[in-house]
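**Q** What shape does this take:
(chains A and B)
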There are 2 protein chains.
Amino acid sequence: MEEKAEKKKPVSDKNEILVGKKDTKNYVLAALTLFNTGSKEVMVKARGRAISKAVDVAEILKNKFLTDVRIENVEIGTEEVQNEDGTKLNVSTIQIKLKK
Amino acid sequence: MEEKAEKKKPVSDKNEILVGKKDTKNYVLAALTLFNTGSKEVMVKARGRAISKAVDVAEILKNKFLTDVRIENVEIGTEEVQNEDGTKLNVSTIQIKLKK
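**A** Presented below is the predicted three-dimensional model:
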């Protein structure tokens, strides 16, 4: 029974968009879809160079598509990632909380 | 007399670092210098692709150089800039307020 309950839990529960190498519009559309299917809060996250794109995603969504969405909170931080050769590297992160 | 007073006003009053195309360490050093010469608050600003670098500057400063500095506030926004050919373009912005 417990296992079944776990399986039912939808991934979209997290309401997170992880911005990476795809074109900006892909992430805008993903966030838009989350809001349009009932989410009241969406977190746009990125690391390293994708941080600028994450800001674009939030701003385009807010200014052009969902004018009732506001930027609730912006957090920046640092994560340690491991390279293929085993060396460690610090990478900056951003989390933009959007709220309807 | 009035003119003289205006001239005396130091530029560094603003305590702003505008992150651009130079190497990250230049901006870290500039922010470090502001704090070490008595500033209690430094604003790190950037537009477009330099946004990721601005986050790096704030994180490196906070984690490696001035551990008593904290990120007070992060704001993102959009600015309209004019291209050389007169067309207008929206560009994302970030403002990171660092406080000692």
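**Q** do the helix or strand hosting residue A:52 and chain B meet?
**A** Using DSSP states H and E, residue A:52 falls within helix A:50-60. Yes - Helix A:50-60 reaches chain B (C-beta under 8 Å from any C-beta of the partner chain) through A:50, A:51, A:52, A:55, A:56, A:58, A:59. C-betas here are computed from N, CA, C, even on glycine.
**Q** what about the third one, how many neighbours?
**A** If I follow you right, that is residue A:52. 26 (other C-beta atoms under 10 Å in any protein chain shown).
**Q** How about the contacts made by it?
**A** Contacts here follow C-beta atoms under 8 Å, 6 or more residues apart in numbering or on different chains; on that basis residue A:52 touches B:48, B:49, B:50, B:51, B:52, B:92.
**Q** Quickly note the distance from it to residue B:70.
**A** Residue A:52 sits at a distance of 23 Å from residue B:70 (criterion: C-beta to C-beta, to the nearest Å).
**Q** can you check the fourth one too?
**A** With distances taken as C-beta to C-beta, residue A:55 is found 21 Å from residue B:70.
**Q** of the two, who's got more company?
**A** It is residue A:55, of residue A:55 and residue B:70, that has more neighbours when counted by other C-beta under 10 Å, with 30 against 11.
**Q** secondary structure element for the closest residue to the more buried one other than its chain neighbours?
**A** Nearest non-adjacent residue to residue A:55, counting by C-beta to C-beta, 6 or more residues apart in numbering or on different chains: residue B:92, 4.3 Å away. Assigned by DSSP H and E, residue B:92 belongs to strand B:88-99.
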